[in-house]
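Model the structure of this input:
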Amino acid sequence: MKNIELNGKALSARELTALEIKKVLESLNSEEIHTFELMFPNEPVPALGMAMSLDIEPAALLDLTHSQMLTLLGEVKKVNPFLVEIVGTLKKLSQKIITEGDEAIEEGKRATSVSSVTSIH
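Numbers count the residues shown, from 1 in each chain. Okay, here's the model as predicted:
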């Protein structure tokens, strides 16, 4: 857990549980895009992951400035390295599928550590 003071307000970034990571991964299939994700499209931590790690509602992210979000994002990434790694891998694989099609799908099937993540229960 990392304690953070942001404009006089105390927040804590904590490591997510396996169940919370599962929920974050499932949220990646949503058709809704949070403003946070539009502001940080290349970051591996989605809005739900940020909010869960900070124990706030995703809507509360909208009350923050870009620089405040960036500060908090850095701390959330530090305490959630696995989330950063797995979401980053899934994003890379998704982009590869978009650009390379069937070959990337077959490669993804061979990468059992990546493809099995989508079926965590």
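
How about the secondary structure of the residue lying closest to L11 once chain neighbours are set aside?
Taking CB to CB, 6 or more residues apart in numbering as the measure, L11 lies nearest to I4, with 4.8 Å between them; neighbours along the chain are not counted. Backbone N, C-alpha and C define where each C-beta goes, glycine included. Classification of I4 using DSSP: H, G, I helix; E, B strand; the rest coil returns strand.

how near is I4 to I98?
The span separating I4 from I98 equals 35 Å under the rule CB to CB, to the nearest Å.

So which of these two has more stuff around it?
With other CB atoms under 10 Å as the criterion, I4 and I98 differ in neighbour count, and I4 comes out ahead with 15 against 9.

Who are the contact partners of that one?
Applying CB atoms under 8 Å, 6 or more residues apart in numbering, one finds that I4 lies in contact with 10-13, 71-72, 75.

go again using 10 Å as the cut-off
For I4, the contacting residues are 10-13, 54, 71-72, 74-76, by CB atoms under 10 Å, 6 or more residues apart in numbering.
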